[in-house]
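> 3D, please:
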Amino acid sequence: MTTDWIAEAQRVARGRRFDELSSPTSRQSACPAAPLSEAEICEAEVELGIAFPDQYREYLLRQDAGGAVNRLCRSATGWGWHGDSDTNYDLLTTAFPHPDSYRAYEDELVAREPLTEDSLNHNAYQAACEQWNAEYEVFQERKTSGAVFIQDNGCGFSTLLVVTGPDHGSLWFDGRATCDQILPLNLDDQPVSFTDWLARRSMDLAGW
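Model (predicted):
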C-alpha cells in the first residue's frame, strides 16, 4: 500500500510539544528553578510514558534543572521541558534510531528525489515533489524519536538526551544544520555520561 506522505507529515507535525502544553495562564513560577521531588519525577515519567536515565534523574533530584539545560517542569496542562519547542512528545516512546539503522534508506530517499520533470507532466511532477518533500520531513522528524532536545547550542544545533531504546541515557549532537548528521558524544572514545557531559559542555565531544 502506498503511503500518503503528505497526510503522514501533517500528522507528525501535529505532535505534542511544550508550546502546546503551555497556556496563557501559565506563569514562570509554574516552572521553578529548583530540584524536583521523587514524586514529581515519577509523575512526569508516567505522563510522558518514558523512564529517565539514572544520571539525569539524579540531576533533577539534586540540582537546579534550569540554566544551560532545558528545565523539566509542569505547566498549567502537563509536564515538559521549558525552553524546548523541538521535542515531539508523541515520538518520545518510540526507540531512538541509531544513524546506522537508516543510512541505506536515507541514501535511497535522496537518490529518488524528483529533480526534473523528465517524462512526467507538470502536475504529476509537482505532486511527486510534494510527496517526496513530505516523506523527507517525516524522516527527519523520526530521526529524533525517543530523544529530548536537552540543550539549545545555537545556530540550529542541539544536544539530545536519549530516553527510549537501546541507546537510553546516551547523548548526541544534532548537527543537521550544517552536516546533515546526528553524532554521538564521546569522551576518550567512550560514550559520554550525562554527568561528564554536564561538566564538559564547553568541550567538543562530537566526532566530526
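> could you point out which element follows the strand or helix carrying Ala128?
Using DSSP states H and E, Ala128 sits within helix 122-142. Using DSSP H and E, the next helix or strand after helix 122-142 towards the C-terminus is strand 147-154.
> show me where this structure has helices.
With DSSP state H as the definition, the chain shows helices at residue ranges 5-13, 18-21, 38-48, 54-62, 103-111, 122-142, 194-199.
> between those, which gets nearest to Cys155?
Within the helices of the chain, the stretch nearest Cys155 is helix 122-142; the backing value is 17.5 Å (C-beta to C-beta). Every residue, glycine included, has its C-beta placed from N, CA and C.
> before we move on, the earlier item: worst average pLDDT in the helices of the chain?
The minimum mean pLDDT among those belongs to helix 18-21 (a mean of 61).
> mind listing what the residue nearest to Pro53 when sequence neighbours are not counted touches?
Counting by C-beta to C-beta, 6 or more residues apart in numbering, the nearest residue to Pro53 once its immediate chain neighbours are dropped is Gly169, at 3.5 Å. Taking C-beta atoms under 8 Å, 6 or more residues apart in numbering as the contact definition, Gly169 lies against 53-56, 161-162, 193-194.
> so how far is Thr2 from Gly169?
The spacing between Gly169 and Thr2, counted by C-beta to C-beta, to the nearest Å, is 38 Å.
> CA atoms of the helix holding Ala128 as CSV?
Once side chains and other backbone atoms are set aside, the C-alpha atoms of helix 122-142 remain, and they are given as CSV (Å, rounded to 0.1, in the frame of the first residue of the first chain):
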residue,chain,number,x,y,z
HIS,A,122,3.9,19.4,-14.8
ASN,A,123,1.1,18.4,-12.5
ALA,A,124,2.5,14.9,-11.9
TYR,A,125,5.9,16.4,-11.3
GLN,A,126,4.5,18.8,-8.7
ALA,A,127,2.6,16.0,-7.0
ALA,A,128,5.8,13.8,-6.9
CYS,A,129,7.8,16.7,-5.4
GLU,A,130,5.2,17.3,-2.7
GLN,A,131,5.1,13.6,-1.7
TRP,A,132,8.9,13.4,-1.6
ASN,A,133,9.2,16.6,0.5
ALA,A,134,6.6,15.3,2.9
GLU,A,135,8.4,11.9,3.2
TYR,A,136,11.7,13.7,3.8
GLU,A,137,10.1,15.8,6.6
VAL,A,138,8.7,12.7,8.3
PHE,A,139,12.1,11.0,8.0
GLN,A,140,13.9,14.0,9.6
GLU,A,141,11.3,14.2,12.4
ARG,A,142,11.7,10.5,13.2
